[in-house]
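Q: here is my input, please return the structure:
(4 chains)
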Number of protein chains: 2
Amino acid sequence: MKIPGLDPTDIDILRLLQKDAQLTNKEISFTLRKSIATIHERIRRLKEQGYIDRVVAILNRKKIEKSLIAFSQVLLNGHAADTLYQFEKEVMKFPEVMECFQMTGNFDFLLRIATSDMDAYHDFYRHKLATLPNINSIQSFFVLSETKSVTAYPL
Amino acid sequence: MKIPGLDPTDIDILRLLQKDAQLTNKEISFTLRKSIATIHERIRRLKEQGYIDRVVAILNRKKIEKSLIAFSQVLLNGHAADTLYQFEKEVMKFPEVMECFQMTGNFDFLLRIATSDMDAYHDFYRHKLATLPNINSIQSFFVLSETKSVTAYPL
DNA sequence: ATTGAAATGTAGGAAAC
DNA sequence: GTTTCCTACATTTCAAT
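A: Residues are numbered from 1 along each chain as shown, chains lettered A, B, ... in the order given. Next up is the predicted model:
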């Protein structure tokens, strides 16, 4: 079995819910040819055991005026545990930072930053990000166009 | 008004649904001190007008054995419209590629790639990604740890 | 656009096979 | 794991404001 604790029906359910979490148990049971009660019980278990983390609404970025997405590579001065921890602790408080990953390679963190436009990004950069302690360098790249963007993991 | 076509109540609703789309209309109506019918009508409108793109289940990456996330910077040979288009068309077919953005800067595309481990990534790299035409270089970075990862835009 | 109330459908739980 | 039944909630519609 590919994923410990999950059988093919569980995988099918996860595949469907990753694309559309508003499917009713009835619709899922029809698609997968199982009873409603089975689907209900499976989903309950998948949530309880933490396979499904949460259900969220994905907004249309263009419509809500967060048209500018930046990916910023951050290099810190030194890698003392405390330096890393302090950076993480502060950067995750910024709502503009949707993602922050510590990375392999020649920089320390990769951030995904959402703002309305370049002015707003500049503002965030100067008055928030660049004010954090122990920052050596920040290199930013901006999204020109979005070819694909899904939240569904391949299963 | 910050976002055209939305009043403060709409913004509040979007903020809540971005974090938890399983909130019932009743719960939202209680939080925002509006009637259930109002909340219902607002959400219907937000979906119809495309502010809410979709509602999805977010899985726990660790539990489903997609522990390895790579960000790959791809540089193509030349930027003929057809070269770009062909790359986009092919790369978006790969389920491992969760995101593909055309970017500013000294590379053309940034990909987010989800696989189970380094072996699976290597396999994807050699037999899928690197076989696409007109690829000049691919530089990959891997996620060591996840400090923050949300799908909610700041509103 | 907002509301309360009424109708419909779904979720969630229990029992028996 | 499935089926049936049941109750409680949630969604959806609608007439009135």
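
Q: what helix or strand is the residue nearest in space to the middle of chain A located in?
A: Nearest to the geometric centre of chain A sits residue A:99, at 6.2 Å (C-alpha atoms, centre = their mean). Using DSSP states H and E, residue A:99 maps to strand A:97-103.

Q: over to residue A:70?
A: strand A:68-76.

Q: that strand pairs with which strands, and in what direction?
A: strand A:109-115 (antiparallel), strand A:135-149 (antiparallel) (DSSP bridges).

Q: tell me which of the ones you listed sits most buried.
A: Scoring the strands paired with strand A:68-76 by mean neighbour count under mean count of other C-beta atoms under 10 Å in any protein chain shown gives strand A:109-115 as the most buried, with a mean of 23. C-beta here means a position set from N, CA and C on the backbone, and glycine is covered the same way.

Q: check which helices and strands the next helix or strand after that one sits against.
A: Per DSSP H and E, strand A:109-115 leads on to helix A:118-127 as the next helix or strand towards the C-terminus. On a contact count with 3 or more C-beta pairs under 8 Å, 6 or more residues apart in numbering or on different chains; DSSP states H and E, helix A:118-127 meets strand A:68-76, strand A:109-115, strand A:135-149.

Q: what angle separates helix A:118-127 from strand A:109-115?
A: 140 degrees (axes from the mean of the first three to the mean of the last three C-alpha atoms, to 10 degrees).

Q: hmm, who's touching helix A:118-127?
A: For helix A:118-127, contacts defined as C-beta atoms under 8 Å, 6 or more residues apart in numbering or on different chains pick out A:68, A:70, A:94, A:96, A:113, A:115, A:138, A:140.

Q: which parts of that helix are buried?
A: A:120, A:121, A:124, A:125 (16 or more other C-beta atoms under 10 Å in any protein chain shown).

Q: would you list those residues in TSV and tack on distance to residue B:89 and pLDDT?
A: Below are those laid out as TSV (distance: C-beta to C-beta, whole Å; pLDDT from 0 to 100):
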residue	distance to residue B:89	pLDDT
A:120	32	97
A:121	30	97
A:124	34	98
A:125	34	98
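
Q: and the two most separated of these?
A: With distances taken as C-beta to C-beta, the most widely separated pair in those is A:120 and A:125, at 9.6 Å.

Q: report how many residues lie close to residue A:97.
A: 23 (other C-beta atoms under 10 Å in any protein chain shown).

Q: who is residue A:56 paired with across the strands?
A: Going by DSSP bridges, residue A:56 forms beta bridges with residue B:56.

Q: just residue A:149 next, same as before
A: With DSSP bridges as the rule, residue A:149 is bridged to residue B:99.

Q: what's the neighbour count on whichever residue of chain A sits closest to DNA strand D?
A: Nearest residue of chain A to DNA strand D: residue A:38, at 2.6 Å (C-beta to the nearest atom of the strand). Counted with other C-beta under 10 Å, the neighbours of residue A:38 add up to 15.

Q: with adjacent residues omitted, what lies nearest to it?
A: Leaving aside its sequence neighbours, residue A:38 sits nearest to residue A:29 (C-beta to C-beta, 6 or more residues apart in numbering or on different chains; 7.1 Å).

Q: need the contact list for the most far-flung residue of chain A relative to its centre.
A: Using C-alpha atoms, centre = their mean, the residue of chain A lying farthest from its centre is residue A:35. It sits 32.7 Å away. Residues near residue A:35 by C-beta under 8 Å, 6+ apart: residue A:29.

Q: that one and residue A:88, how far apart?
A: Plainly put, residue A:35 is 46 Å away from residue A:88 if you go by C-beta to C-beta, to the nearest Å.
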